[in-house]
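K.L.:
Here is my input, please return the structure:
(one chain, ligands or ions: 1)
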Amino acid sequence: MATITSIITQDIRFPTSLELDGSDAVNVDPDYSAAYVIIRTDGGEEGHGFVFSCGRGNEIITSAIDSYAALLRGRDIDELIFDLGTASRRLVHDSQLRWLGPEKGVTQMACGALISALWDIRAKREKKPLWLLLSEMEPQEIVDVVDFTHISDALDPTRALDILVAGREGKARRIEALMANGYPAYTTSPGWLGYSDEKLVRLSREAAADGFSMIKLKVGGNIDDDRRRMALAREAVGSLPIAIDANQRWDVAEAIDWVNGLADFDPYWIEEPTSTDDILGHATIRAGVVPVRVATGEAVANRIVFKQLLQAQAIDVLQLDSTRVAGVNENIANLLLAARFNVPVCPHAGGVGLCELVQHFSFFDYAAVSGSQEGRMIEYVDHLHEHFVEPIRITNGRYAAPLSPGTGAQILSPSLEKWRFPQGEGWLEIGSRAAVTVPVVSPVGVNQ
Ligand SMILES: [Mg+2]
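P.N.:
Got it, this is the predicted structure:
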């Protein structure tokens, strides 16, 4: 019997604010960070997981992971990884820690890091990448890891099982197709708000030439700038879809006016037009910007909010995020909810490591849940992949199937060492030049 002997957290930050990579109307100066955790057993196994953040506050998430880790230390690893439904509930519904959420924010993300690190051990044990492990699990096993608490009015175990049983039809063929051709991607790399017009045009042209299915531009700073940048991008990519992303910048009426002000450039979707918690606001915006689609999800805290967005017909595209919710289990619930409402999932990625993690959910979705790639693509951003043991691979504008056993979370040891905040060698060189050391009020807060 092997037990968990140590759970170590690390505060890892990268000085991306120096180049304004990742800048948008709200996140004006992110330093991409990972609250990183390694679970070790006395059997020599290791599971890696992390939560993405924008810099300051990363220490709060590592501290929260430490609090939840106390619930796992000393426990039998097989009991946990072969009953991941129970393992997840043990963390998410802890009788005392639950008060800090429930099921939202730092606590939900901290649970997610640990739950995903357990999945990493399970997948490595079975020598499969996570997506293939999930795709080859029996439908009932998948249903058993989902927490149906507070979503059973929309999706109960019977209905979830029906979706997964239906997904068995043609599954082997779809797995083969994924291995051969990968999965469509779109890129946000050209569209960061801090980039010059010249860089925007150059990167947009490159994205179209590289075979991406879509590009995405950040909007919401200034309408005249947005119209100029949309015109430049439209000219650069021709008829290729262009999505726009406001990162929750607007109130409801303003969102409708602003998006309609950009309608002549034919945006494919408007992403995060307003507060991620405003379900009815999203429904109002959706009705007001037709035919532009409404997308959200990267900041949606849990499956219960996704359920309501779907019930209220407030979104056309569901953008799950790999580290915002309580790990692999809750994202399986989100995929099943999307399938139940027949809404395509186009996961959020970027940051540090989000591409490496989230690709597994789309691959699993195609293999065993929705069985479709229509209107579906994974976000791609070209930053920081070199720090990962298995970086994503993009071929002809598509994600190639990840092949290494595990969830894809593992960061190379030298990178962990160099970018440990604030004492890693990288940070000793950067000193106080990155934004992480200079507090700035978000433009959302300025406007309210
Ligand atoms: Mg976004």
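
K.L.:
what's Y68 in contact with, if anything?
P.N.:
91, 94, 97, 107, 110-111, 114 (C-beta atoms under 8 Å, 6 or more residues apart in numbering). Every residue, glycine included, has its C-beta placed from N, CA and C.

K.L.:
can you tell me which of the residues you listed lies nearest to E425?
P.N.:
A110 (27.2 Å; C-beta to C-beta).

K.L.:
For that closest one, what is the enclosing helix or strand?
P.N.:
Using DSSP states H and E, A110 sits within helix 105-125.

K.L.:
Report the mean per-residue pLDDT for the helix or strand just after that helix.
P.N.:
Per DSSP H and E, the first helix or strand lying C-terminal to helix 105-125 is helix 130-136. For helix 130-136, mean pLDDT is 98.

K.L.:
Alpha carbons only: can I get helix 130-136 in PDB?
P.N.:
Extracted in PDB, the C-alpha atoms of helix 130-136 (Å, rounded to 0.1, in the frame of the first residue of the first chain):
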ATOM      1  CA  LEU A 130      -5.200  12.200 -19.700                       C
ATOM      2  CA  TRP A 131      -7.500  12.600 -22.800                       C
ATOM      3  CA  LEU A 132      -6.900   9.000 -23.800                       C
ATOM      4  CA  LEU A 133      -7.400   7.700 -20.300                       C
ATOM      5  CA  LEU A 134     -10.800   9.500 -20.100                       C
ATOM      6  CA  SER A 135     -11.800   8.400 -23.600                       C
ATOM      7  CA  GLU A 136     -11.100   4.800 -22.800                       C
END
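
K.L.:
which strands and helices sit next to it?
P.N.:
Helix 130-136 sits against helix 105-125, helix 171-181, helix 327-340, helix 354-364, with contacts defined as 3 or more C-beta pairs under 8 Å, 6 or more residues apart in numbering; DSSP states H and E.

K.L.:
Can you tell me what sits against it?
P.N.:
119-120, 122-123, 126, 128, 142, 171, 175, 178, 328, 332, 359-361, 363-364, 367-368, 401-402, 406-408.

K.L.:
Buried among the residues you listed? Make that a ChimeraX selection.
P.N.:
The ChimeraX selection below is limited to those of the contacts of helix 130-136 classed as buried (16 or more other C-beta atoms under 10 Å):
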select :119,120,122,123,126,128,142,171,175,178,328,332,359,360,361,363,364,367,368,401,402,406,407,408
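
K.L.:
Mind checking what secondary structure the residue of the stretch 301-448 of the chain found nearest the ion has?
P.N.:
Using C-beta to the ion, the point where the stretch 301-448 of the chain gets nearest to the ion is H348, with a distance of 5.9 Å. The local conformation at H348, judged by DSSP: H, G, I helix; E, B strand; the rest coil, is coil.
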